[in-house]
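# Give me coordinates for this.
(one chain, ligands or ions: 2)
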Amino acid sequence: MSAPTNIACVKYWGKRSIALNTPINSSVSVTLDQADLKAVTTVTVSKTFKKDRLWLNGVEEDVTKSKRFIACVTGVKNLATEKLDSSGEVLVDKSEWKDYGVHVSSMNTFPTAAGLASSAAGYAALVACLAEVFGAIETYPGELSTIARQGSGSACRSLYGGFVAWRMGSDNDTGADSLAEQVFDENHWPKLKAIILVVSDEKKDTSSTEGMSTSVSTSKLLGYRAKEVVEGRMRGIEKAYGEKDFESFGMITMQDSNQFHATCLDTYPPIFYMNDISKSIIKLIHTYNKWKGKIAAAYTFDAGPNAVIYHLEEEGEELLALMLMYFPDDKFLGSLVGSEYVNNEEEWRKAKAWVLDEELLRMCDAKGRSRGVGGDVKKIYVTRSGPGPIVLSDEHSLLDKETGENCYTKPADGNGVALGVFGIGLIGFGLMALSGAGIGLIGNAGGGSKK
Ligand SMILES: Nc1ncnc2c1ncn2[C@@H]1O[C@H](COP(=O)(O)OP(=O)(O)OP(=O)(O)O)[C@@H](O)[C@H]1O
Ligand SMILES: C[C@@](O)(CCOP(=O)(O)OP(=O)(O)O)CC(=O)O
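Ligands and ions are numbered 1, 2, ... in the order given. The predicted structure follows:
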């Protein structure tokens, strides 16, 4: 299976219960297109596997004590149904699944743990893939998202496409109502686009989990935000998205990003996720909006320095040209990922030569960022909203079909694989080799249960 990342417009920051991984406030995000960023995961299960194993980007991680991983496997197994063969015979009774070991191999097509929501895509892919293999059936809508939430909070939102809310819920005993809900699907607002400026692809020094824990115990501003601010913003942004009102959508998105980073600064000791490059992106966007006379672009930053700039299609080329003017790549390094405008060197030169308004440039120059200084932005994605998890065909398996061992190696030069290598193909049942001694069920191929 593959699963998307998502970038929140109203941020999740702070846990109500660490054990249940429930939040102190609701949040809402845009699911991004998997053509550009995704986690790809294969699951194989077998009775012969001695222990559960996970390979991430080709390297094995010990998951035998991972609370997050165990919660996902156990949670999905609890919803499992029996596995049938094509004639309707029971191959695996649901009571037997507990004896099956799980092998998982997963890779991200973008930097891992760098504030680009790799944990969201990764745990959503894991839960969606396990659900296929075990034929899991939800007893109420959103139940699988309550399981993904226990892997990583933001992962619950990656189980759906489009515009997705994570309702904080009120059940403090089970967390069963702290779940994701699709507010609008990915086809609702096709003109909405996103430019991602990767300022750093290094692993961040304060993880979200650790950062929000310190914030909850030390920041009064965070408590105020959760109590007094978020619900109004949730209502406002859902209305704005529904009405395709970019100005309101953009305003709330920017204000909420700023408030999230203000709570980080209010945390003791303070946490700094944005750096000077992030701040100069913020200044450029405000200058651009001032020049436009309206909110035409809106930035948001997760727990890292990388910027996501939401905008409408009509501003896409101009904004990209503006970014390339102030954050250029020195030479053409290949097409901008996902870009409709820059797919070869000629288009890249054209984008760089785009004639930006003199007054706009004068206003931007006055904000202190010099034109043409390269090296600060490592990579640019030009993307949009997309669907939730997708079933891939067998040929994309990251686990060896005979042995169930990892067969994926991360290329030396990048994050994951070249785009397009993992094609998207919906197939039906993909029972690979279910024999008494052999490997069980290959999860990126779809389930075989009664549904
Ligand atoms: N494809 C994947 N499959 C399973 N687990 C993954 C996958 N990708 C990332 N993870 C887990 O998520 C962790 C990274 O999460 P972290 O929250 O630190 O970064 P992030 O998700 O990239 O950033 P953020 O959530 O702040 O945007 C990894 O160390 C790994 O444990
Ligand atoms: C800033 C954020 O991206 C924080 C995401 O935090 P995580 O979901 O990664 O945290 P855990 O639940 O501890 O795994 C905001 C958001 O995505 O809403």
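# only C-alpha atoms for contact and neighbour calcs from this point on.
Fine.
# Give me the local confidence score for the closest residue to Leu20 other than its chain neighbours.
Leaving aside its chain neighbours, Leu20 sits nearest to Gly175 (6.1 Å; criterion: Cα to Cα, 6 or more residues apart in numbering). Here the pLDDT value assigned to Gly175 is 98.
# same deal with the one 5 residues further on?
At Ala180 the predicted local confidence, pLDDT, stands at 98.
# the strands in the stretch 101-250 of the chain, which residues?
Here the stretch 101-250 of the chain has its strands, by DSSP state E, counting those that start in this stretch, at 101-108, 163-167, 179-184, 192-198.
# In the stretch 301-450 of the chain, where is pLDDT below threshold?
When residues are selected by pLDDT under 70, those of the stretch 301-450 of the chain lie in 330-335, 413-450.
# all strands of it, in order?
Secondary structure of the stretch 301-450 of the chain (DSSP E, counting those that start in this stretch): strands at 307-312, 379-384, 441-442.
# Mean neighbour count and distance to Leu32 added to these, as a markdown table?
Shown next, in a markdown table, are these (neighbours: other Cα atoms under 10 Å; distance: least, Cα to Cα, whole Å):
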| stretch | mean neighbour count | distance to Leu32 |
| --- | --- | --- |
| strand 307-312 | 24 | 11 |
| strand 379-384 | 22 | 6 |
| strand 441-442 | 30 | 26 |
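# could those strands go into CSV alongside distance to Glu318?
Listed next are the strands of the stretch 301-450 of the chain as CSV, based on distance: least, Cα to Cα, whole Å:
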stretch, distance to Glu318
strand 307-312, 11
strand 379-384, 13
strand 441-442, 45
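# Spit out the contact partners of Asn187.
Gly162 (Cα atoms under 8 Å, 6 or more residues apart in numbering).
# okay, the strands of the stretch 101-250 of the chain, which one's buried deepest?
Here the criterion is mean neighbour count by mean count of other Cα atoms under 10 Å, and of these the winner is strand 163-167, at a mean of 26.
# next one: it to chain centre, how far?
13 Å (Cα atoms, centre = their mean, to the nearest Å).
# Report all helices and strands that that strand contacts.
On a contact count with 3 or more Cα pairs under 8 Å, 6 or more residues apart in numbering; DSSP states H and E, strand 163-167 meets strand 27-31, strand 179-184.
# Just to be sure, Gln34 is in a helix?
No: applying DSSP: H, G, I helix; E, B strand; the rest coil, one finds Gln34 to be coil, outside a helix.
# Could I get the full set of helices for the protein?
With DSSP state H as the criterion, the chain has helices at 67-77, 118-133, 143-151, 208-218, 220-224, 230-243, 246-266, 276-292, 316-326, 345-353, 358-365.
# hey, least reliable of those helices by pLDDT?
helix 345-353 (a mean of 80).
# Select, out of the strands of the stretch 101-250 of the chain, the one closest to ligand 1.
Across the strands of the stretch 101-250 of the chain, ligand 1 has its closest neighbour in strand 101-108 (4.7 Å, Cα to the nearest ligand atom).
# Which residues does that closest one contact?
Contact partners of strand 101-108, identified using Cα under 8 Å, 6+ apart, comprise 37-58, 118, 122, 126, 398-399, 404-406, 408, 415-416.
# could you redo the last one with a cut-off of 7 Å?
38-47, 49-57, 398-399, 404, 406, 415-416 (Cα atoms under 7 Å, 6 or more residues apart in numbering).
# ok, now which ones touch the residue nearest to Ser170 when sequence neighbours are not counted?
Once flanking residues are discounted, Ser170 sits nearest to Asp177: 6.8 Å by Cα to Cα, 6+ apart. Counting by Cα under 7 Å, 6+ apart, Asp177 touches 169-171.
# Let me know which of the helices and strands packed on strand 163-167 is the nearest to ligand 2.
Ligand 2 lies closest to strand 27-31 among the helices and strands packed on strand 163-167, at 6.0 Å (Cα to the nearest ligand atom).
# Tell me which other helices or strands the closest one touches.
Contact analysis of strand 27-31 by 3 or more Cα pairs under 7 Å, 6 or more residues apart in numbering; DSSP states H and E lists strand 6-10, strand 163-167 as its packing neighbours.
# what sits against the closest residue in space to Ser278 that isn't next to it in sequence?
Of all residues not flanking Ser278 in the chain, Pro305 sits nearest, at 5.6 Å (Cα to Cα, 6+ apart). Going by Cα under 7 Å, 6+ apart, Pro305 touches 199-200, 273-275, 278.
# switch to 6 Å and redo it
Contacts here follow Cα atoms under 6 Å, 6 or more residues apart in numbering; on that basis Pro305 touches 273-275, 278.
# follow-up on the earlier one: just name the most buried of the helices of the chain.
Highest mean neighbour count among the helices of the chain (mean count of other Cα under 10 Å): helix 118-133, with a mean of 30.
# Please list the residues outside it that contact it.
Applying Cα under 6 Å, 6+ apart, the external contacts of helix 118-133 come out as 1-5, 39, 41, 76, 112, 148, 151, 154-155, 158-159, 443, 446-447.
# If you go by neighbour count, which of those residues are buried?
Burial by neighbour count, 16 or more other Cα atoms under 10 Å: within the contacts of helix 118-133 this picks out 1-5, 39, 41, 76, 112, 148, 151, 154-155, 158-159, 443, 446-447.
# Would you mind naming what in this structure lies close to ligand 1?
39, 56, 106-108, 112-120, 122-123, 207-208, 302-303 (Cα under 6 Å from any ligand atom).
# switch the cut-off to 5 Å
By Cα under 5 Å from any ligand atom, the residues of the chain that approach ligand 1 are 39, 106-107, 113-119, 122, 207, 303.
# burial of Gly293, as a residue count?
Residues near Gly293, counting by other Cα atoms under 10 Å, number 9.
# Distance of it relative to Ala194?
Applying Cα to Cα, to the nearest Å, one obtains 20 Å for the distance of Gly293 from Ala194.
# what do you get for Lys290?
For Lys290, the distance to Ala194 equals 20 Å [Cα to Cα].
# still on that earlier bit, can you lay out the helices of the chain as TSV showing distance to Lys98?
TSV is the format used below for these (distance: least, Cα to Cα, whole Å):
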stretch	distance to Lys98
helix 67-77	7
helix 118-133	13
helix 143-151	17
helix 208-218	30
helix 220-224	41
helix 230-243	40
helix 246-266	41
helix 276-292	47
helix 316-326	50
helix 345-353	54
helix 358-365	60
